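Chemist: Got a sequence here, can you build the structure:
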Amino acid sequence: MENKIYNYYRLFGWSILSTVFAFLVNNVLQLSFGFQSIFSVDDKFSITSVVELTVYLFSIIIASILVLKFNKKSLRFDSKILHNFNVYIIRSCFWVIFLVGLVDITISFLRVEKIFELFLSKELTSQFTRPVFVGSFIHIPLIIIGFIIGIFTRTLGFQWLSLLIVASELVIVITRFIFSYEQTFMGDLVRYWYAGLFLFASAYTLYDEGHVRVDILYQGLKEKTKGLVNSIGSITLGVSTSLTIIFIGFHGKQSIINSPVLNFEITQQGTVGMFIKYHLALFLGIFGLTMLIQFISYFFESLADYYGEKGKRIIESQIGH
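Modeler: Sure thing, here's the model as predicted:
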């Protein structure tokens, strides 16, 4: 009986994730290949709309296949799979911003100090002043490399990134007060890494029960009741917020995430800063996606607690929030 109930929960959770995946795939089709959105009421139904609808139907089929595949597994098994996948995304994103940060600040320094002109042609030097060129031929390859590195590494890099932020601030202080030298790109690097640290680490903090709880009643509840409260809260508060961020952020060419990415948007300081402003917009989407995956994982784990499944995860440092 429990396995049958579990399958309903699985279908619900996996369907949310597969539908969001289909939405993101269709978002790429619309922006890169001019597909017509099936949610558009102004345009006529076309073959591209059929393709997008097929993507959504295929996502539901995938969710159903996963439910059948994990039919004999515990809900903690589903939770662990989602968490491990989320860790890979977060780990890879840390490598991406590490590589892009180092390379882009180097390019910014060479561009601002006009060092490119010493060993590059005038035409190639001008290319490094164009965000589209830097984004397409420098950032995108580094992003791919970051996700490849994420496959082979097992560290999330929170501590190292925090140390790099402190080191970057220290360099700014030293160069400003000792050498009287400071450039816009130096502050850009700190903000870039700082934004990545907080937005990417939020999902893992949820997994590690590190977020602050303000509900004073929660601590006195039984474990079964806590599982019920957490499962309901994961959907009504966590998943709903994550979905709002994703659907609003990626809806249409002029949305708060799509627009900066499409235009390789940079700061108002122009070529004296790093060309990473569009990354900061994308960080919001990564935050919404990783939090969504982690909340679904937390939903499965909380239901496992409610039904008294074995193998409950013990948080090493239980902090009274």
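Chemist: chain center to the longest helix along the chain: distance?
Modeler: Taking DSSP state H as the criterion, the chain has its longest helix at helix 75-112. Between the centre of helix 75-112 and the centre of its chain there are 9 Å (C-alpha atoms, centre = their mean, to the nearest Å).
Chemist: helices or strands next to it in the packing?
Modeler: For helix 75-112, the packing partners by 3 or more C-beta pairs under 8 Å, 6 or more residues apart in numbering; DSSP states H and E come out as helix 2-33, helix 140-152, helix 158-177, helix 184-207, helix 277-306. Glycine gets a C-beta too; all of them are placed from N, C-alpha and C.
Chemist: what's the most buried one of those?
Modeler: helix 277-306 (a mean of 22; mean count of other C-beta atoms under 10 Å).
Chemist: need the helices and strands packed on helix 75-112 in JSON lines with distance to Gly233 and mean pLDDT, can you?
Modeler: Shown next, in JSON lines, are the helices and strands packed on helix 75-112 (distance: least, C-beta to C-beta, whole Å; pLDDT from 0 to 100):
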{"stretch": "helix 2-33", "distance to Gly233": "14", "mean pLDDT": "91"}
{"stretch": "helix 140-152", "distance to Gly233": "30", "mean pLDDT": "96"}
{"stretch": "helix 158-177", "distance to Gly233": "25", "mean pLDDT": "92"}
{"stretch": "helix 184-207", "distance to Gly233": "11", "mean pLDDT": "93"}
{"stretch": "helix 277-306", "distance to Gly233": "8", "mean pLDDT": "96"}
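Chemist: closest to Phe109 out of those helices?
Modeler: helix 184-207 (6.8 Å; C-beta to C-beta).
Chemist: downstream neighbour of that closest one in the secondary structure list?
Modeler: The helix or strand immediately downstream of helix 184-207 is helix 223-233, counting by DSSP states H and E.
Chemist: by how many degrees do that following helix and helix 2-33 diverge?
Modeler: Angle, helix 223-233 to helix 2-33, by axes from the mean of the first three to the mean of the last three C-alpha atoms, to 10 degrees: 30 degrees.
Chemist: So which elements touch helix 223-233?
Modeler: helix 277-306.
Chemist: Check which helices and strands the helix it packs on is in contact with.
Modeler: Under the contact rule (3+ C-beta pairs under 8 Å, 6+ apart), helix 277-306 is packed against helix 2-33, helix 75-112, helix 184-207, helix 223-233, helix 240-249, helix 258-262.
Chemist: Thr155 is nearest to which of those?
Modeler: Per C-beta to C-beta, nearest to Thr155 of the helices and strands packed on helix 277-306: helix 75-112, 7.2 Å.
Chemist: if I pick the residue nearest to the spatial centre of the chain, what's in contact with it?
Modeler: Centroid check for the chain by C-alpha atoms, centre = their mean gives Ile286 as the closest residue, at 1.8 Å. Residues near Ile286 by C-beta atoms under 8 Å, 6 or more residues apart in numbering: Ile89, Cys93, Leu199, Phe200.
Chemist: Give the burial count for Ile266, as a bare number.
Modeler: Other residues lying near Ile266 total 19 when counted by other C-beta atoms under 10 Å.
Chemist: do the same with the one 10 residues further on
Modeler: If you count neighbours by other C-beta under 10 Å, Ile276 ends up with 29.
Chemist: Not counting its neighbours along the chain, what's nearest it?
Modeler: Leaving aside its sequence neighbours, Ile276 sits nearest to Tyr192 (C-beta to C-beta, 6 or more residues apart in numbering; 5.2 Å).
Chemist: And for Phe295?
Modeler: Nearest to Phe295 is Gly238, by C-beta to C-beta, 6+ apart, at 3.7 Å.
Chemist: That neighbour and Asn71, how far apart?
Modeler: Separation of Gly238 from Asn71 (C-beta to C-beta, to the nearest Å) stands at 26 Å.
Chemist: So those two - more neighbours on which side?
Modeler: Remark: of Gly238 and Asn71, Gly238 carries more neighbours, 19 against 12, as counted by other C-beta under 10 Å.
Chemist: Go ahead and confirm that one touches Ser297.
Modeler: No: using C-beta atoms under 8 Å, Gly238 is not in contact with Ser297, being 10.5 Å away.
Chemist: hang on, the earlier thing: JSON lines for the helices and strands packed on helix 75-112, including distance to Ile315?
Modeler: Output for the helices and strands packed on helix 75-112, formatted as JSON lines (distance: least, C-beta to C-beta, whole Å):
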{"stretch": "helix 2-33", "distance to Ile315": "22"}
{"stretch": "helix 140-152", "distance to Ile315": "25"}
{"stretch": "helix 158-177", "distance to Ile315": "17"}
{"stretch": "helix 184-207", "distance to Ile315": "9"}
{"stretch": "helix 277-306", "distance to Ile315": "12"}
